[in-house]
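*Asks:* coords please:
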Amino acid sequence: MSTPSSHPSFWRRVPLAFGAFFSTLSDAAYAARVEKLSLPEVAPVAPVAPAPAPAAAPIILKEATPDAALQLLALLQREARLIDFTQENLGSHADADIGAAARVVHEGCAKVMREYFTIEAVRQETEGSRIVLQEGFDSAQVRLTGNVVGSAPFTGTLSHRGWRASSVRLPKLSGQHDAAILAPAEVEL
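*Replies:* Presented below is the predicted three-dimensional model:
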């Protein structure tokens, strides 16, 4: 099915093709017009300019599916009550109560991190040490901050070692699992 702004559908093109075929056989002037349409235009020969440098490869963005993120959020809710904590209005609670709740959230989050991920530092140097980044350093692993001018090599102070996940061990989900349910409602009987 076609819309007014699109090309004719296959079924609309079938009678057009047959009509063009028979008109080309029976009408020499029509055949000449069709021939002119089907021949590529020949441009006058001009000096050939050097080929432009090849364009940089296009950046292909990966689209992340939400299931793994939702699964992690559900694990953080189950073990650390993270969603409950972030959805709570803390303005009416005493600092001591917030601190006690934060300790529970911290312990639960740490448990999830240990159980499902292997996390390691991006840089091995001690934070606060001076390091040199040579030309070609991986900007995905190191973010320059402060007064960034010029080009590598850069000498600076390591303010954060960075983190990378060297392995992820999220549980497998059944086909019927609804990852959008982060925590089921609880009804006490």
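
*Asks:* show me where this protein has strands.
*Replies:* With DSSP state E as the criterion, the chain has strands at 117-121, 130-133, 154-157, 163-168.

*Asks:* List the buried residues in the first one.
*Replies:* Within strand 117-121, the residues that qualify as buried are residue 117, counting by 16 or more other C-beta atoms under 10 Å. (C-beta placed from N, C-alpha, C; glycine too.)

*Asks:* Mind checking the pLDDT average for it?
*Replies:* Here strand 117-121 scores 96 as its mean pLDDT.

*Asks:* Just want the angle from it to strand 163-168.
*Replies:* Counting by axes from the mean of the first three to the mean of the last three C-alpha atoms, to 10 degrees, strand 117-121 lies at 150 degrees to strand 163-168.

*Asks:* got the strands of the chain as JSON lines, with distance to residue 36 columns?
*Replies:* Formatted as JSON lines, those follow (distance: least, C-beta to C-beta, whole Å):
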{"stretch": "strand 117-121", "distance to residue 36": "66"}
{"stretch": "strand 130-133", "distance to residue 36": "62"}
{"stretch": "strand 154-157", "distance to residue 36": "62"}
{"stretch": "strand 163-168", "distance to residue 36": "62"}
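
*Asks:* how far away is the residue nearest to residue 129 when sequence neighbours are not counted from residue 52?
*Replies:* Distances taken as C-beta to C-beta, 6 or more residues apart in numbering place residue 158 nearest to residue 129, at 5.5 Å, with adjacent residues excluded. Distance of residue 158 to residue 52, computed by C-beta to C-beta, to the nearest Å: 42 Å.

*Asks:* can you tell me which residues contact residue 81?
*Replies:* Applying C-beta atoms under 8 Å, 6 or more residues apart in numbering, we find residue 81 in contact with 104, 105, 108.

*Asks:* my read: the last one touches residue 83, true?
*Replies:* No - the pair residue 108 and residue 83 fails to qualify as a contact (C-beta atoms under 8 Å) at a distance of 11.4 Å.

*Asks:* distance of residue 169 from residue 101?
*Replies:* Remark: distance between residue 169 and residue 101 (C-beta to C-beta) = 28 Å.

*Asks:* ok, these two, which is more surrounded?
*Replies:* Between residue 169 and residue 101, counted using other C-beta atoms under 10 Å, the more crowded position is residue 101 (16 against 8).

*Asks:* wait, what's in contact with the more buried one?
*Replies:* Neighbours of residue 101 in contact, by C-beta under 8 Å, 6+ apart: 85, 88, 93.
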